[in-house]
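>>> Need the 3D shape of this:
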Amino acid sequence: MLAYEQAKTRDRSPAIRAAGKLIPRGSGARECLNHPRDSPPTPDLVRQFRGTTRPEPGERRVFHSFAGDPSLAKEIQHGVQTKDSLAAMELLNPARKTRYEQRLQGQLEQVYASKKKAPLGSSHDQSSGLPEGMDPNKTTFGASTLKGESAGTIVSPPKSQVEIEQESGQGRELYKRSHNAWEVGEMMDRNYDWSKFTQQSLYGVPTPHDNSGSQVRSALHWLTDTQSMKRAPIVSQRVDQFRERTQPQLGTVHDPIAETLDVAEDHTFGVMVQPDEHNAGELLHMEGPSTYQECQGFDTGVLSSIRYHLKKRKFHNFEGLLDALSKQDKCESGQLSAEDTHEVFFQFNVPLTPEMLEMLLQWCSGGGAGGVAYRDLVQLLDWKSPLSEEVVARMTSAEDTPPPGKPQQDGTSQSSQGGPFQAPPTGSSPHLTYRTSSQIVTKVGAVPTHNYRSYGVATIRSDLPAPRIRRVGDNTNYGDESSAYGLIYPSIYSNRGVYEVDFFTAREPREVKQIFERIGVTMTTEVFERLWQEAAARDPKGEVSVESFRAIMEEVQAKKLQGTS
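Predicted structure coming up:
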């Protein structure tokens with residue numbers, strides 16, 4: 001045995017390195033399962049979060065934000081403090097009373113009716129309610145029950161099986177006639193004449209049968225079902241043609257209206273449109289819009305676009321513009337020349353193109369050579385207030401009068417010098433010049449687009465008043481929504497929950513003063529009242545908003561800077 005053990009552990013090839021991994025002693029499964037007791041403690045930061053998810057046994061679960069806070073729950077007491085009462089031990093095992101205390105309590109309880117009728121230790125005394133002369137201990141009620149056989153004798157009588165069957169057979173024939181109470185498997189007796197045939201005779205033809213069950217299979221499959229499975233399916237020709245026309249067929253192009261196109265190859269569909277005097281070249285090569293016939297309400301649509309353009313460019317200093325135009329009117333006639341109006345608009349940096357301004361001046365001059373009604377002009381531009389009925393009626397009547405450069409019915413033209421819609425001279429139409437599309441696109445400013453006319457309904461309906469309460473299905477943009485730039489780069493006000501409508505909402509003096517004091521603007525009560533009155537005087541309704549008050553403050557500050565310089 002010892003020799004075998006030595007031969008077993010002998011190294012036959014000492015020059016070859018043994019394969020595998022040498023595991024040192026002390027790294028077995030026993031040492032891995034037995035954790036050392038002197039393991040490093042859990043850090044406080046980790047213990048803080050583990051106290052929320054996996055608290056130690058016996059510890060209360062504490063949220064990690066409150067870890068380390070003093071426990072106030074142990075010191076706080078809730079509810080109403082109750083007074084000490086009798087303990088349960090005193091109620092279950094009270095102290096014994098002396099004889100004097102018992103006699104005294106008995107004397108005190110003699111006045112109760114329950115003490116008289118049902119004294120302690122005895123049953124309830126009902127003799128007072130019984131008839132006179134009735135003894136409750138001797139008097140009994142009801143009829144006496146006669147004692148007969150026991151229940152065991154009735155359920156299992158001491159009789160033999162033959163005696164029980166004989167007793168149960170008595171009267172059975174009567175039950176067969178009255179109740180048809182035949183025994184299980186018993187043949188009914190209908191009182192036939194059994195002299196010609198026996199009672200066990202069989203009638204009918206014997207049914208053929210097969211132990212393999214083939215007859216059962218034929219019985220389950222009816223003849224009509226077998227024939228319907230073997231016959232060829234019959235489909236309506238109309239349904240078959242409809243399926244071929246509507247459903248794609250393998251290997252062919254799906255053409256549902258191929259049968260209806262029974263026309264020649266050079267056939268042209270549609271209605272022929274009669275050509276007019278303007279061709280596609282004039283439309284593509286920006287022929288002047290004065291050469292086209294304008295539709296009804298064209299001026300109203302252009303005015304809505306101009307007002308929306310001013311709103312988008314955040315131009316709202318219409319009060320100052322009106323004051324400047326009034327000061328320019330020395331004669332106080334209510335009209336100014338086109339040159340003076342151009343100069344005032346240039347000083348106020350009104351974001352309008354010269355063509356737009358010329359169109360507005362044409363509307364406000366009445367179509368003649370007189371001056372420009374600057375009050376109507378400012379009212380047309382003021383997008384914060386609705387148009388008056390007078391101005392709308394005047395514009396509607398002015399739509400019938402063509403602007404300068406527009407052809408009349410007789411072919412003549414009211415051309416003015418330098419008008420925005422002046423017709424090009426004969427033979428100098430832009431579409432006669434040869435230019436490639438790359439020359440037009442790559443050259444910045446080569447094709448001015450300010451004369452291009454817009455068609456269709458505007459995406460932003462600034463011409464319609466925005467409803468106070470919008471419906472859920474109303475997807476119309478009334479111009480009071482932010483643009484894509486505002487959504488991508490919101491202002492600092494929108495990040496704080498303040499929007500454009502909040503700046504133009506009329507407010508009380510106390511609220512406006514409080515808003516400006518919160519942002520660090522300090523002013524005395526006299527200065528605030530003077531600025532408030534000046535801002536209210538510029539508004540037709542006498543209302544003051546945060547934006548109008550801020551504009552007055554900026555004007556006052558600008559005047560101070562000009563005076564010091």
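>>> Quick check, central residue of this structure?
Nearest to the mean C-alpha position of the chain, by Cα atoms, centre = their mean, lies V472 at 11.2 Å.
>>> Determine the longest helix present in the chain.
helix 546-564 (DSSP state H).
>>> what helices or strands is that one leaning on?
The helices and strands touching helix 546-564, judged by 3 or more Cβ pairs under 8 Å, 6 or more residues apart in numbering; DSSP states H and E, are helix 500-503, helix 509-518, helix 525-538. Where you see a C-beta, it was placed from the backbone N, CA and C, and this is true even at glycine.
>>> any residues touching that helix, and which ones?
By Cβ atoms under 8 Å, 6 or more residues apart in numbering, the residues outside helix 546-564 that reach it are 316-317, 320, 502-505, 507, 512, 515-516, 521, 531-532, 534-535, 538-539.
>>> Go through the helices and strands packed on helix 546-564 and find the least confident stretch.
Note on these: helix 500-503 shows the lowest mean pLDDT, a mean of 82.
>>> buried stuff in it?
Judged by neighbour count using 16 or more other Cβ atoms under 10 Å, the buried positions of helix 500-503 are E500.
>>> quick check, distance from it to the centre of its chain.
Put simply, helix 500-503 sits 27 Å off its chain's centre (Cα atoms, centre = their mean, to the nearest Å).
>>> Mind giving me the packing neighbours of it?
Against helix 500-503 (3+ Cβ pairs under 8 Å, 6+ apart) you get helix 546-564.
>>> thinking again about what came up before, now do the longest helix of the chain against helix 525-538, angle only.
Angle of helix 546-564 versus helix 525-538, following axes from the mean of the first three to the mean of the last three Cα atoms, to 10 degrees, is 110 degrees.
>>> Hey, what's the angle from helix 546-564 to helix 509-518? Just curious.
60 degrees.
>>> Give the buried residues for helix 546-564.
For helix 546-564, by 16+ other Cβ under 10 Å, it's 546-553.
>>> Just the closest of the residues you listed to P136, please.
Using Cβ to Cβ, V546 is the member of the buried residues of helix 546-564 that lies nearest P136, at 100.0 Å.
>>> mind checking pLDDT for the closest one?
V546 is given a pLDDT of 91.
>>> Thought T459 was touching N477, still the case?
Yes: using Cβ atoms under 8 Å, N477 is in contact with T459, at 6.4 Å.
>>> more neighbours, these two?
Neighbour totals were compared for N477 and T459, and N477 leads with 14 against 7 (other Cβ atoms under 10 Å).
>>> Contact partners for the more buried one?
Counting by Cβ under 8 Å, 6+ apart, N477 touches 459-461.
>>> any weak-confidence spans in the stretch 1-150 of the chain?
1-9, 21-24, 26-27, 35-38 (pLDDT under 70).
>>> OK, contacts around the residue lying closest to W532 once chain neighbours are set aside?
Spatial nearest neighbour of W532, chain neighbours left out: P509 (5.6 Å); criterion: Cβ to Cβ, 6 or more residues apart in numbering. Applying Cβ under 8 Å, 6+ apart, we find P509 in contact with 528-529, 532, 544.
>>> what's the spacing between stretch 83-93 and its chain's center?
Put simply, stretch 83-93 sits 62 Å off its chain's centre (Cα atoms, centre = their mean).
>>> Pull up the distance across it, start to finish.
One end of stretch 83-93 sits 21 Å from the other (Cα to Cα, to the nearest Å).
>>> in that stretch, what's buried?
Residues of stretch 83-93 include none that count as buried (16+ other Cβ under 10 Å).
>>> W363 - how many residues pack around it?
Neighbour count of W363, defined by other Cβ under 10 Å: 24.
>>> just M356 next, same as before
M356 has 18 neighbours, counted by other Cβ under 10 Å.
>>> How far off centre is the longest helix of the chain?
Per Cα atoms, centre = their mean, the displacement of helix 546-564 from the mean C-alpha position of its chain is 46 Å.
>>> what are the ranges of the helices in the stretch 151-300 of the chain?
For the stretch 151-300 of the chain, the helices defined by DSSP state H, counting those that start in this stretch occupy 151-155, 161-169, 172-179, 214-220, 223-230, 237-246, 280-284, 298-312.
>>> highest average neighbour count across those helices?
Mean neighbours per residue, mean count of other Cβ atoms under 10 Å, is largest over the helices of the stretch 151-300 of the chain for helix 298-312, with a mean of 17.
>>> So which elements touch it?
In this structure, helix 298-312 makes packing contacts with helix 354-364, helix 374-381, helix 389-398, judged by 3+ Cβ pairs under 8 Å, 6+ apart.
>>> Put together JSON lines for these, with mean pLDDT and distance to D329 on each row.
Below are those laid out as JSON lines (pLDDT from 0 to 100; distance: least, Cβ to Cβ, whole Å):
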{"stretch": "helix 354-364", "mean pLDDT": "82", "distance to D329": "14"}
{"stretch": "helix 374-381", "mean pLDDT": "85", "distance to D329": "7"}
{"stretch": "helix 389-398", "mean pLDDT": "65", "distance to D329": "19"}
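>>> right, and these - which one's nearest R177?
helix 389-398 (110.6 Å).
>>> Could you export the helices of the stretch 151-300 of the chain as TSV, including mean pLDDT?
Output for the helices of the stretch 151-300 of the chain, formatted as TSV (pLDDT from 0 to 100):
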stretch	mean pLDDT
helix 151-155	84
helix 161-169	85
helix 172-179	84
helix 214-220	80
helix 223-230	80
helix 237-246	88
helix 280-284	69
helix 298-312	78
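>>> Columns distance to V80 on top of those helices, output as a markdown table?
Converted to a markdown table, the helices of the stretch 151-300 of the chain look like this (distance: least, Cβ to Cβ, whole Å):
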| stretch | distance to V80 |
| --- | --- |
| helix 151-155 | 64 |
| helix 161-169 | 79 |
| helix 172-179 | 78 |
| helix 214-220 | 83 |
| helix 223-230 | 85 |
| helix 237-246 | 82 |
| helix 280-284 | 91 |
| helix 298-312 | 66 |
